[in-house]
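Visitor: Pasting the sequence and the predicted model now:
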Amino acid sequence: MQKTNGRERLSERKKTEIVADLNEKLSALKDQESRLETEASERAEKRDKLNGRMRNLRDEVLELRGQRDELNNRVKELKQHRNELTARVHERLEETKKLEEEKRALAKRKPPKSHEALQKEVDNIDWTIQTTSLTLQEDRELVEKVKQLETQLAIHKKLEQVTKRIAQMRTEIKAMKSESELLHKQLTENARNSQETHGKMLEKIEESKALKTEADNMHKQFLQAKERARPVQEEVKVVLSQIRQLKGEMREEVQKERKESQDALRETLEKQAKQKLKRGEKLSWEEFQLLAEKGMTDQN
């Protein structure tokens, strides 16, 4: 019996050592698992932050694209307006050219007398006709003279009108050229702003691409950490199962030893009680109960 108990106690010590080794291994595995989980968590956090920055950049890109398109539309409108002005300036220049030709032609027919001198002469003749008694012949001669003078006056009037129109055209052309220059300045400024905005947008797009590459790499590292943690987690389950099994066996052995010890004690007490019963000695309450369970108290 002692040899058997000795072997069991030795086996129990061995199992205790194994459990201690397994607990030590379990602690190391859990530390490794915790490190891998921490690594995976850190990679996931970095990935999420990068994705957040990418979303912000996408919003900025959309905003910049909207600004660029608005500027491009403005440039298009300014170009159209400038082209219209250029066409109108060209029309005015052509008209001015024709008026200049007409003015040169009129200048060649211009009477030697001035407009004022001719008008004064016409006024004098009219006065003479109205205030003087003239013969029919004299009247006809004066009327004919007025007609000749009025023809010359008409050339002066036409020349003045053409000259005035030319001046008006030149004023309009100057105003339109000034407006065209202002439009060109605005157009150039808007085009430059559009180009700068487009450049900023491209920079944001490139930054977003770089962030995506980095985020994808972080996600890959996250998955790798999770993959490395998986066999560790499985090994943790195996070690926990081994520890539970060994502890269960140890509890069963302890219970078995306790029962064997209790049975041996009951057997000893039973023998003592039987001997006392044979000798007619008084039994203790525990001895009486023990023999009563065996149905051996009838002799008392």
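Guide: The structure has been received and is ready for your questions. Residues are numbered from 1 along each chain as shown.
Visitor: Just the helices from the chain, written as ranges.
Guide: 2-109, 115-131, 136-279, 285-294 (DSSP state H).
Visitor: Reformat these as TSV; add mean neighbour count.
Guide: All C-beta atoms are positioned from the backbone trio N, CA, C, and that covers glycine. Shown next, in TSV, are the helices of the chain (neighbours: other Cβ atoms under 10 Å):
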stretch	mean neighbour count
helix 2-109	14
helix 115-131	13
helix 136-279	14
helix 285-294	14
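Visitor: Let me have those in a markdown table, extended by mean pLDDT.
Guide: Below are the helices of the chain laid out as a markdown table (pLDDT from 0 to 100):
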| stretch | mean pLDDT |
| --- | --- |
| helix 2-109 | 88 |
| helix 115-131 | 89 |
| helix 136-279 | 90 |
| helix 285-294 | 72 |
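Visitor: Hmm, residue 34 and residue 225 touching each other?
Guide: No: look at residue 225 against residue 34 with Cβ atoms under 8 Å: they stay out of range, at 11.7 Å.
Visitor: Return the distance of stretch 28-48 from the chain's centre.
Guide: 29 Å (Cα atoms, centre = their mean, to the nearest Å).
Visitor: actually stretch 189-197, not the one I wrote
Guide: The answer for stretch 189-197 is 22 Å, by Cα atoms, centre = their mean.
Visitor: List of residues touching it?
Guide: If you take Cβ atoms under 8 Å, 6 or more residues apart in numbering as the criterion, stretch 189-197 is touched by 64, 67, 68, 71, 72, 74, 75, 78.
Visitor: do stretch 231-242 as well
Guide: 22, 25, 26, 29, 30, 32, 33, 36.
Visitor: Look up how far residue 238 lies from the residue nearest to residue 19 when sequence neighbours are not counted.
Guide: Excluding the flanking residues, the one nearest residue 19 by Cβ to Cβ, 6 or more residues apart in numbering is residue 246, at 5.2 Å. Applying Cβ to Cβ, to the nearest Å, the value for residue 246 to residue 238 is 13 Å.
Visitor: again, but for residue 73
Guide: Distance from residue 73 to residue 238, by Cβ to Cβ: 69 Å.
Visitor: quick one on the thing from earlier: could you export the contacts of stretch 231-242 as CSV, including distance to residue 251?
Guide: Listed next are the contacts of stretch 231-242 as CSV, based on distance: Cβ to Cβ, whole Å:
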residue, distance to residue 251
22, 16
25, 21
26, 19
29, 24
30, 24
32, 29
33, 27
36, 33
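Visitor: hang on, the earlier thing: is it true that the residue nearest to residue 19 touches residue 18?
Guide: Yes: shown here, residue 246 and residue 18 form a contact pair, counting by Cβ under 8 Å, at 6.1 Å.
Visitor: Nice, that's everything, thank you.
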